[in-house]
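Asker: Got a predicted model here, sequence first, then my questions.
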Amino acid sequence: MNGQAGASRILNPIDFGKPGRQAGHLQLPPDPSTGSPGVRVPIVSIANGTGPTVLISGGNHGDEYEGQLAALRLIRDIEPAQVEGRIIVVPILSTEASRANTRLWPSGANFNRSFPGNPDGPPIEQLAYFLSTVLFPAADIVIDMHSAGRVGWIVPCSHMCVPRDRVQRKAMLEAMEAWNSDFHFFYTSDGNYLPNEAERQGKIVVTTELGGSTRVPVAVQDMSWNGLTNVLRHFGVLEGKVVTRASLGLPPARLVDCRFDDGKVGAVGSGLFDNIIAPASGLFEVMVEPGSPVTEGQPVGRIWSHEDPTRPPLDLRSPFTGYLMGLRTLPVVEQGQSLALIGRQIERSSLLAEA
């Protein structure tokens, strides 16, 4: 989508220059193509003092509930007196999709493919334009929390696109590491996704993949909360001591490169899991747990035929040596669906030294 010059038509109740807690809803205009009333998107500002501004978003895709829950808890638990700067929270970007437990908006459009947006386009593009032209310019740091949604599972972790600017890259890497997850992975900076647009505007951007499927484990929700609040402490916006993996007695996190030459970008590419594509329809049997190391040619799963119970299953093999970061979890698969996210381990120094 190409952004267009012009003022946003979204009504915003928040005065970003005002201290304290403010809460309300962004009001999108009615959609003349469907006759539906304007969508309301919750937004909260918690401000105190003169520190940086952090924009936090959840529910970019409707069925990614882990980040939505962490953002809603933040709104309830954090008082202005604990803040040095400003925290802007949009806990559920895709409100209708969240209620319907769907990834996409009712129109079938993908919010995370709508940037930089268009003030005169359909509602989904108008909301993207508001973020691109109002919220991103107001922010120094952008945190966008994702998971694999109801169809998959990705090792719970923070990740980041890899910007070309080395100073920005280092700041983003340090912020990502403050999430203290066992893994972190990297994806491309080229795309019309929310984090890509924020990164192009020079923001420090941290994103996550917090599991997925139809249940949020307690351990994942704890990691979502602890990681989010620790990143805010890392930037000095939230009071309290910054926790590190070393202070927790944990080994360094594994860094995994999920950037690919063919333009696919792992968890935020054309499909959720782009490394292995289903060669046939059938029942998908998982053979390796996400987070496990895999070698080139190793079977990570297999597909059994619906039609012929005597037919041998089709092995799905890793294309290279690395780590299995995520899988489609619904056993029923169709030919051509993406099934696995695999990346190669990368050293921190190598990532920072890239031209």
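Answerer: Nice, I can see it.

Asker: For the stretch 201-350 of the chain, which segments count as strands?
Answerer: Taking DSSP state E, counting those that start in this stretch, the strands of the stretch 201-350 of the chain run over residues 204-212, 254-257, 276-277, 282-286, 293-294, 299-304, 314-317, 322-328, 332-333, 338-345.

Asker: could those strands be laid out in CSV, adding mean neighbour count?
Answerer: The C-beta positions use only the backbone N, C-alpha and C, and glycine is treated the same way. Listed next are those as CSV, based on neighbours: other Cβ atoms under 10 Å:
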stretch, mean neighbour count
strand 204-212, 29
strand 254-257, 21
strand 276-277, 18
strand 282-286, 18
strand 293-294, 16
strand 299-304, 19
strand 314-317, 17
strand 322-328, 26
strand 332-333, 16
strand 338-345, 23
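
Asker: Could you tell me what pLDDT the model assigned to residue 245?
Answerer: Residue-level confidence at residue 245 comes out at 98, pLDDT.

Asker: For it, which residues are in contact?
Answerer: 180, 251, 252, 253 (Cβ atoms under 8 Å, 6 or more residues apart in numbering).

Asker: Ok, which of the strands of the stretch 201-350 of the chain comes nearest residue 30?
Answerer: For residue 30, the closest of these is strand 204-212, at 31.4 Å, according to Cβ to Cβ.

Asker: Please name the strands paired to that closest one in the sheet, noting orientation.
Answerer: Its sheet considered, strand 204-212 pairs with strand 141-146 (parallel), strand 152-161 (antiparallel) by DSSP bridges.

Asker: For the closest residue to residue 325 other than its chain neighbours, which residues count as its bridge partners?
Answerer: Nearest non-adjacent residue to residue 325, counting by Cβ to Cβ, 6 or more residues apart in numbering: residue 341, 4.5 Å away. Beta-bridge pairing for residue 341 (DSSP bridges): residue 326.

Asker: hmm, what's the outermost residue in the protein?
Answerer: Of all residues in the chain, residue 310 has its C-alpha farthest from the mean position, at 41.4 Å, by Cα atoms, centre = their mean.

Asker: Residue 284 versus that residue, what's the distance?
Answerer: Counting by Cβ to Cβ, to the nearest Å, the gap from residue 310 to residue 284 is 19 Å.

Asker: that older thread, residue 132 is nearest to which of the strands of the stretch 201-350 of the chain?
Answerer: Of all those, strand 204-212 comes closest under Cβ to Cβ, at 13.2 Å.

Asker: From the chain's centroid, how far away is the closest one?
Answerer: 4 Å (Cα atoms, centre = their mean, to the nearest Å).

Asker: now the angle between strand 338-345 and it, please.
Answerer: When axes from the mean of the first three to the mean of the last three Cα atoms, to 10 degrees is applied, the directions of strand 204-212 and strand 338-345 differ by 130 degrees.

Asker: what is the mean pLDDT for strand 204-212?
Answerer: Mean per-residue pLDDT for strand 204-212: 97.

Asker: Same question for stretch 172-184.
Answerer: On average, stretch 172-184 scores 98.

Asker: Ok, stretch 120-134 next?
Answerer: According to the model, stretch 120-134 has a mean pLDDT of 96.

Asker: How about stretch 92-99?
Answerer: For stretch 92-99, the per-residue pLDDT averages 97.

Asker: Throw the strands of the stretch 201-350 of the chain into JSON lines and include distance to residue 222, thanks.
Answerer: Shown next, in JSON lines, are these (distance: least, Cβ to Cβ, whole Å):
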{"stretch": "strand 204-212", "distance to residue 222": "11"}
{"stretch": "strand 254-257", "distance to residue 222": "20"}
{"stretch": "strand 276-277", "distance to residue 222": "31"}
{"stretch": "strand 282-286", "distance to residue 222": "25"}
{"stretch": "strand 293-294", "distance to residue 222": "25"}
{"stretch": "strand 299-304", "distance to residue 222": "28"}
{"stretch": "strand 314-317", "distance to residue 222": "32"}
{"stretch": "strand 322-328", "distance to residue 222": "20"}
{"stretch": "strand 332-333", "distance to residue 222": "31"}
{"stretch": "strand 338-345", "distance to residue 222": "23"}
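
Asker: From residue 281, how far off is the residue nearest to residue 325?
Answerer: Taking Cβ to Cβ, one finds residue 341 at 21 Å from residue 281.
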